[in-house]
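Participant: Take a look and give me a structure for this.
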Amino acid sequence: MSEFRGKVVVITGAGSGIGRALALNLASEGAKLALSDMDSVGLEETVRRAKALGAEVKSDTLDVTQREAVLAYADAVAEHFGAVNQVYNNAGIAYHGEFEKAEFKDLERVVDVDFWGVVNGTKAFLPHLIASGDGHLINVSSLFGLLGMPGQTAYNAAKFAVRGFTEALRQEMLIAKHPVQVTCVHPGGIKTAIARNATAGPGEDLDTFAQFFDQKLARTTAEDAAAVIVKGVRKNKARVLIGADAKLLDAWVRIIGPRYQWFVAKVAAQFMPKSPKS
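Facilitator: Numbering: from 1, shown residues only. Have a look, this model is predicted:
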């Protein structure tokens with residue numbers, strides 16, 4: 001996929017953050033956009049800005065956890081544009097809290113959106129990507145799909161699952177010789193609203209955690225993240241790491257192996273915001 005002009009591009013979670021930045025980046029490349037999000041207000045703003053760049057846009061409010069709706073959406077996009085060339089399964093949510101205190105419903109919600117949303121989108125659009133003869137599937141995992149982090153058990157579970165699912169699917173496409181490239185994206189700390197929009201477990205101070213994330217961890221802008229992703233797609237990369245933090249920590253974990261868990265636990269205990277004791 002070296003040329004984006006005229007290609008039909010699907011982006012979930014396009015109402016803000018990396019999803020919006022991807023939409024605007026690809027609009028400037030001349031792509032046709034199918035944009036969706038649960039946030040209709042944010043989505044409307046993305047659509048307005050993409051159209052100002054000259055893009056043809058189809059926009060829909062979509063809950064990626066609703067499988068039948070996603071299947072119908074894929075068919076509607078293919079019918080509207082006549083083909084689907086790229087799909088960016090980007091929609092995601094976050095949850096912060098100790099597993100011991102977490103409710104099943106909170107854990108399930110994260111896995112439903114962050115993992116099953118990716119699976120639903122992949123299953124729905126894969127036949128259209130194959131039929132295009134020039135398909136590319138891009139699934140957004142995370143730095144937390146490369147290493148575990150205390151307080152992120154649900155998010156880690158979902159993002160590790162996205163990684164394994166995407167890597168296995170890439171191999172299946174290679175074996176079947178389908179005309180579909182597959183890329184897994186691992187952003188580090190990105191300057192988006194994901195931490196501020198997250199939910200939290202009992203007793204967690206979400207505002208303090210969000211401030212910590214925004215001030216200490218979020219180093220890369222959404223626009224820079226989108227540019228790195230698009231560059232990786234252009235080069236048909238299997239894995240795209242975004243930010244120096246993702247690159248350094250990925251290398252570190254691969255070098256020292258499971259011992260990283262002890263170091264992360266020690267650093268997190270010292271520097272991360274403390275939860276009030278119950």
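Participant: I'd guessed L22 sits against N90; true?
Facilitator: Yes - judged on Cβ atoms under 8 Å, L22 makes contact with N90 at a distance of 6.8 Å. Every C-beta, even on glycine, is put in place using the N, C-alpha and C of the backbone.
Participant: Touching both of the two, which residues are there?
Facilitator: Common neighbours of L22 and N90 are listed as I11, A14 (criterion: Cβ atoms under 8 Å, 6 or more residues apart in numbering).
Participant: can you map out the helices along the stretch 151-278 of the chain?
Facilitator: For the stretch 151-278 of the chain, helices defined by DSSP state H, counting those that start in this stretch occupy the ranges 153-176, 206-212, 222-234, 244-256, 260-271.
Participant: Can you pull the poorly scored residue ranges out of this protein?
Facilitator: For the chain, the stretches flagged by pLDDT under 70 are 1-2, 193-198, 200, 204-206, 208-218, 272-278.
Participant: redo that, cut-off 80
Facilitator: Residue ranges of the chain with pLDDT under 80: 1-2, 191-219, 271-278.
Participant: what's the longest strand in it?
Facilitator: Of all segments of type strand in the chain, defined using DSSP state E, the longest is strand 180-187.
Participant: so how far is that strand off the chain centroid?
Facilitator: Chain-centre distance of strand 180-187: 10 Å, with Cα atoms, centre = their mean, to the nearest Å.
Participant: So what touches it?
Facilitator: Contacts of strand 180-187 with the rest of the structure, by Cβ under 8 Å, 6+ apart, involve 1, 18, 126, 129-130, 135-143, 145-146, 162-163, 166-167, 169-170, 173, 220, 225, 229, 232-233, 236-243, 246, 250.
Participant: Now list the buried members of those.
Facilitator: Buried by 16 or more other Cβ atoms under 10 Å: 1, 18, 126, 129, 135-143, 145-146, 162-163, 166, 169-170, 173, 220, 225, 229, 232-233, 237, 239-243, 246, 250, out of the contacts of strand 180-187.
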